[in-house]
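Chemist: A structural model of the following input is requested.
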Amino acid sequence: METIHSAPTFEYDDLAPSSHSIEDENPFATMMASFDEAADRLGLDPDLYALLRKPDREIHVSVPTQLDDGTLAIFDGVRVQHNGGLGPYFGPLRLQPGLKIDELRALAGWMTWKCALLNIPFGGAAGGIRMSARRHSAGEIERAVRRYISTLLGDIGPERDIFSSDLATNEQVMAWVMDTVSMHARHTENAVVCGKPLMLGGTQGNTDAVAQGMRVVFAQALEFMGLRRKGAKVIIQGTGRRGGNLAQLLVRDGHTIVGMSDVNGAIYNEKGLDVAAAVRARIEHNDLRKSSGSFEILPNEEMIERPCDVFIPCAVANVVHLRNARSIQCKLIVEGSHAAVSGRSDRILAERGIRVVPDILATGGGAVVNYFEWVQNRAGQSWQASEVQSNLERFMLDAWKEVSTLAKDQNLRLRHAAHMVAVKRVASADRLRGLYA
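Modeler: Next up, the predicted model:
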C-alpha cells in the first residue's frame, strides 16, 4: 500500500473519474463512432480508412522511481501517437492512477481531428503515467516524470512529438519535461513542450486559452441558433480553469450564469448567480456551495436538467447519456470537455432540435495557443497578449465558419460536419504523402 505524502497542488479542473456503467459507450467508442460516421459520409477509400482507424504507434514503458522513503516503485507509462500526416505529434501528458489505454487512444484521436479542424500542422498524441499525484510528493512526481521522458527520448522532440499539460501536469511538470529533454540534447529545447512557465518560453494567453476559444464559438453558435446575442441563460458544469474562466468571460459579455457545479455539487438560481463569489469559493474552499449569495444547492445530475438557453459541460465524459438526453431542457450545448455528450445521445438531441457544438471545435483554443507557443519557441519570438488573442479568434472563427457552413448546406449535425472537415484533411495529407515501405 502506498504511503500518502503531503502532495503538491495540481490543477484538475474538476475532473473526477468518469463512469461508463450508464451505457456501453466509453470515450473511445464515442470518438471512433464520430470518425466512422464522417468516413462513411466522405466515401473514404478503404485503405485510408483502415490506416486512420489505428494509431501509428503505442509506446509502453516502465517507470522505476525511487520514493522518498528509499523504496522503489515501478509505474506504467504510455504514449499513443495517433497520426502524423499533418506534422509532428502533439498532445497531453497526464498523471492518473486509473490510466486506461482506450482513453489515451481516444485523446490522441481527438487531438488529430482537433488539430486538422483548426488547421494546425500537428498530428495527435496522448500519454501518461499510471500514478496518483495526490499520493506522491513533488520530488517523487519529478523523478517519475523525468524517467518517463528520458525513456521516450528517441520518439519525442519539437519535430517528433510535443507535450502539453493535462490531468495533474501543471507548468512545473512541463518545466521538468523541457529540462530533461534539454539536458540530453545539451541545449535548451523549449519547443518540445507547451504550457511552460512564461520565463521558460511559455506564451501569453495560455491560462484561459480554452475558455477564450469557447467564448468565440459560443457567440457564433448563438447567432447560428437564432438565440439572443446577450442575456442568454447558461448552466456550466465544472468550474476549474476552463469552466470558471468561461463563466466570468460570459458574464462580462452580458450573459447570465444560472447554474454552476463542481465535484461536490451544484448551485442554481434562475435569476443569476454571483459568478465571482462562486469562483472565489471554489478557489478558497474547494467547494462552490460555500459561495455567498442566494441559490439552491442541487446534485449535479439535477442541475443539468434545469431549464436554460445553453448548457456547457466542462467536466467528465458521458454527462449527457441515454438516460437523461430526453430530459435536458436547453436549446444549445457547447461541449467543454471531450465526449461530454455520448454519440447515441447526440442523435437524440438532434431529433429534439438541440444543437451540440462538438468538443473538437469548442475546446480548440487550448490547442491553438499551444501551437502559438511552439511557433514562438521555434522562431525565438515572444508575442504580446493582444497578438495571441487576435490570432486565436481568427483560428476559431475560420474553423467555425467552415463547420457551420457545411452543416447548413448538407443538413448535418455540427459534430458530423466538424469530423468530416477534420477527417478529410488528414486523409488528404496521408494520401499525398503516400506509403513508404
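Chemist: is Val193 bridged to anything, and to what?
Modeler: Beta-bridge partners for Val193, by DSSP bridges, are Phe163.
Chemist: these two touch, right, it and Asp161?
Modeler: No: here Val193 does not reach Asp161: they are 10.3 Å apart, not a contact under C-beta atoms under 8 Å. No exception for glycine: its C-beta is placed from N, CA and C like everyone else's.
Chemist: those two: which is more packed in?
Modeler: Val193 (33 against 22; other C-beta atoms under 10 Å).
Chemist: distance of that one from Asp166?
Modeler: Val193 is 12 Å from Asp166, where distance means C-beta to C-beta, to the nearest Å.
Chemist: please apply the same query to Gly195.
Modeler: Distance from Gly195 to Asp166, counting by C-beta to C-beta: 9 Å.
Chemist: so between the two, which is more surrounded?
Modeler: Here Gly195 and Asp166 are compared on neighbour count by other C-beta under 10 Å; more neighbours surround Gly195, at 26 against 23.
Chemist: excluding its backbone neighbours, what's nearest that one?
Modeler: If the residues on either side of it in the chain are set aside, Gly195 comes closest to Ser165, at 3.8 Å by C-beta to C-beta, 6 or more residues apart in numbering.
Chemist: buried residues, the biggest helix by length in the chain. List them.
Modeler: The residue-count maximum for a helix in the chain (DSSP state H) belongs to helix 385-410. Buried residues in helix 385-410, counting neighbours by 16 or more other C-beta atoms under 10 Å, are found at 388-389, 391-393, 395-396, 399-400, 402-404, 406-407.
Chemist: repeat that for stretch 133-144.
Modeler: Of the residues in stretch 133-144, those buried (16+ other C-beta under 10 Å) are 133, 136-138, 140-144.
Chemist: what's the mean pLDDT across it?
Modeler: The pLDDT scores in stretch 133-144 average 97.
Chemist: any idea how far that stretch is from the middle of the chain?
Modeler: Stretch 133-144 has its average C-alpha position 23 Å from the chain's average C-alpha position, going by C-alpha atoms, centre = their mean, to the nearest Å.
Chemist: what does stretch 50-66 give?
Modeler: Offset of stretch 50-66 from its chain centre (C-alpha atoms, centre = their mean): 20 Å.
Chemist: now the helices: where do they sit in the stretch 51-200 of the chain?
Modeler: For the stretch 51-200 of the chain, the helices defined by DSSP state H, counting those that start in this stretch cover 101-117, 138-151, 171-185.
Chemist: distance to Val258 added to the ones you listed, as TSV?
Modeler: What follows is the helices of the stretch 51-200 of the chain, written out as TSV (distance: least, C-beta to C-beta, whole Å):
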stretch	distance to Val258
helix 101-117	29
helix 138-151	38
helix 171-185	33
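Chemist: in the stretch 1-150 of the chain, where is pLDDT below threshold?
Modeler: For the stretch 1-150 of the chain, applying pLDDT under 70 flags the ranges 1-25.
Chemist: next one: the stretch 151-300 of the chain
Modeler: Along the stretch 151-300 of the chain, segments meeting pLDDT under 70 are nowhere present.
Chemist: picking that back up, can I get the buried residues of stretch 133-144 in a markdown table with distance to Tyr89?
Modeler: Shown next, in a markdown table, are the buried residues of stretch 133-144 (distance: C-beta to C-beta, whole Å):
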| residue | distance to Tyr89 |
| --- | --- |
| Ala133 | 24 |
| His136 | 27 |
| Ser137 | 30 |
| Ala138 | 28 |
| Glu140 | 27 |
| Ile141 | 23 |
| Glu142 | 24 |
| Arg143 | 25 |
| Ala144 | 22 |
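Chemist: which of those residues lies closest to Arg425?
Modeler: Ala133 (35.3 Å; C-beta to C-beta).
Chemist: do you know how far that closest one is from Arg94?
Modeler: Using C-beta to C-beta, we find Ala133 at a distance of 9 Å from Arg94.
Chemist: tell me who's in contact with Arg94.
Modeler: If you count contacts by C-beta atoms under 8 Å, 6 or more residues apart in numbering, Arg94 has them with 126-129, 166-169.
Chemist: do Leu198 as well
Modeler: Gln204.
Chemist: and it, how close does it get to Arg147?
Modeler: Separation of Leu198 from Arg147 (C-beta to C-beta) stands at 27 Å.
Chemist: what of Leu44?
Modeler: Counting by C-beta to C-beta, the gap from Leu44 to Arg147 is 40 Å.
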